[in-house]
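Trainee: what would the 3D arrangement of this be:
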Amino acid sequence: MIERLKKIRQLLKRKKIDAVIITNPYNRRYLSGFDGSAGMLLISLEKAFLVTDFRYVEQAAAQAEQFTIHRWQDNLIKSLAMLIDNEGWLKIGFESKHVVCSIYDEMKEKLPVELFSLSDTAEKQRMIKSEDELAALRFGTKILDQAFNHICSFIRPGITEREVALELEIYLLRQGAEEKSFHFIVASGKRGAMPHGTASTKELTRGELITIDFGAVFGGYATDMTRTVALGAVSQRQIEIYDIVKEAQQKASLAIKPGLKGREVDAVARDTIVKAGYGEYFGHGLGHGIGLETHEEPVLNPQSSTVLKAGMVATVEPGIYIPEWGGVRIEDMVVVTKSSVNLLTSSPRELIII
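Mentor: Reported below is the predicted structural model:
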């Protein structure tokens with residue numbers, strides 16, 4: 001936390017402002033350790049306050065050792081105003097991406113300062129994962145692999161997509177997950193053409209491909225994996241499309257290394273799918289960063305100019321989605337190393353026929 005605060009203070013010096021208000025809950029946790037649902041950070045060159053309400057004072061004191069805990073009474077913004085006035089600060093930054101208009105208007109009215117919009121406070125820091133963060137992600141992805149193995153033994157004709165999603169959620173919670181990373185996608189048959197086809201009441205039928213996209217939070221860090229499996233015998237076209245996606249996914253994963261831009265990695269997978277004649281059916285980016293949030297920087301898509309660096313964690317998830325036919329997606333989490341890449345998820349990528 002000391003090193004993270006040091007980088008925030010370097011930002012204050014560059015921007016020539018006295019302090020910054022942190023409202024994004026993920027940035028708040030990253031910078032302080034506090035994971036309660038209410039509170040703001042107020043960080044200056046020399047001081048750090050965590051302003052929260054009665055419910056979280058004791059928790060905040062235990063989790064945010066580098067911060068002075070200040071309990072707000074009637075109104076959070078008024079409490080911030082009191083602290084700012086006491087310190088004599090005149091120029092205050094705020095997280096423009098995360099402050100709604102009503103809060104901004106209230107800050108303008110009640111804070112006796114000049115406000116400065118900051119588009120990035122901790123997001124760039126968060127792209128490079130520490131060893132502790134990587135340990136949490138490795139633990140979580142190990143459980144994901146176990147969960148996938150479990151669900152393959154659970155899937156059978158006649159059960160619904162929702163039953164598959166529920167069984168996965170129960171398994172993950174029993175293994176120590178704090179919560180789901182997102183609403184699980186279980187899309188079978190023609191529903192596989194929907195990249196975000198959340199689990200429905202549709203029953204699983206033999207001869208279908210089933211895309212399963214799931215993840216859970218462990219130690220505050222989200223995980224995410226997708227596999228497509230077959231229920232019973234499959235057609236030659238299903239095998240062909242699956243193999244194209246698998247090739248694109250493996251080539252892109254192996255291509256990752258420090259110095260490449262996000263769009264260059266995306267192009268490896270996209271070119272493979274385009275050359276196979278299915279480019280129009282791959283309409284989303286190749287992947288996204290993952291950590292405290294399920295979707296964060298860096299992004300792997302055709303527009304991304306982010307340069308990959310050691311310690312970055314991202315998903316690699318190409319797919320082909322054909323309306324009225326179905327789809328295939330394969331997704332792994334990877335971590336960029338000093339020279340190449342390591343896979344965090346290790347479930348089989350060969351087509352599993354159940």
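Trainee: need the three-state assignment for the nearest residue to residue 324 once chain neighbours are set aside.
Mentor: Among residues not flanking residue 324 along the chain, residue 190 sits closest, at 5.9 Å (C-beta to C-beta, 6 or more residues apart in numbering). For the C-beta atoms, the positions are set from N, CA and C on the backbone; glycine is no exception. The assignment at residue 190 comes out as helix when based on DSSP: H, G, I helix; E, B strand; the rest coil.
Trainee: tell me the pLDDT at residue 190?
Mentor: For residue 190, the pLDDT comes out at 98.
Trainee: and if you look at residue 72?
Mentor: 88.
Trainee: now swap in residue 76 and tell me
Mentor: 88.
Trainee: can you check the one 10 residues further on too?
Mentor: Per-residue confidence at residue 86 stands at 93 (pLDDT).
Trainee: what's the distance between it and residue 113?
Mentor: Per C-beta to C-beta, to the nearest Å, residue 86 is found 12 Å from residue 113.
Trainee: nearest residue to residue 224 other than its sequence neighbours?
Mentor: What sits nearest to residue 224 in space, not counting adjacent residues and going by C-beta to C-beta, 6+ apart, is residue 215, at 3.8 Å.
Trainee: isn't the one you found up against residue 180?
Mentor: Yes. If you go by C-beta atoms under 8 Å, residue 215 and residue 180 touch, sitting 7.1 Å apart.
Trainee: these two: which is more packed in?
Mentor: The residue with more neighbours, out of residue 215 and residue 180, is residue 215; 27 against 18, by other C-beta atoms under 10 Å.
Trainee: pull the contacting residues for the more buried one.
Mentor: By C-beta atoms under 8 Å, 6 or more residues apart in numbering, the residues touching residue 215 are 144, 180-182, 222-225, 294.
Trainee: returning to that earlier point: tally up the residues packed near the residue nearest to residue 324, please.
Mentor: Around residue 190 there are 17 other residues, counting by other C-beta under 10 Å.
Trainee: contacting residues for it?
Mentor: When contacts are counted by C-beta under 8 Å, 6+ apart, residue 190 touches 324-326.
Trainee: which of these lies closest to residue 54?
Mentor: Nearest to residue 54 among the contacts of residue 190 is residue 326, at 52.6 Å by C-beta to C-beta.
Trainee: the closest one bridge partners, please.
Mentor: residue 322 (DSSP bridges).
Trainee: so how far is residue 196 from it?
Mentor: Separation of residue 326 from residue 196 (C-beta to C-beta) stands at 15 Å.
Trainee: more neighbours, these two?
Mentor: More crowded of residue 326 and residue 196, by other C-beta under 10 Å: residue 326, with 24 against 10.
Trainee: hmm, the more buried one is touching residue 208, no?
Mentor: Yes. Residue 326 lies in contact with residue 208 (C-beta under 8 Å); the separation is 7.2 Å.
Trainee: mutual contacts of the two, please.
Mentor: Taking C-beta under 8 Å, 6+ apart as the criterion, residue 326 and residue 208 both touch 189, 192.
Trainee: in the stretch 1-150 of the chain, which spans are helices?
Mentor: 2-15, 25-32, 57-63, 76-87, 101-110, 123-127, 131-154 (DSSP state H, counting those that start in this stretch).
Trainee: cheers, nothing more for now.
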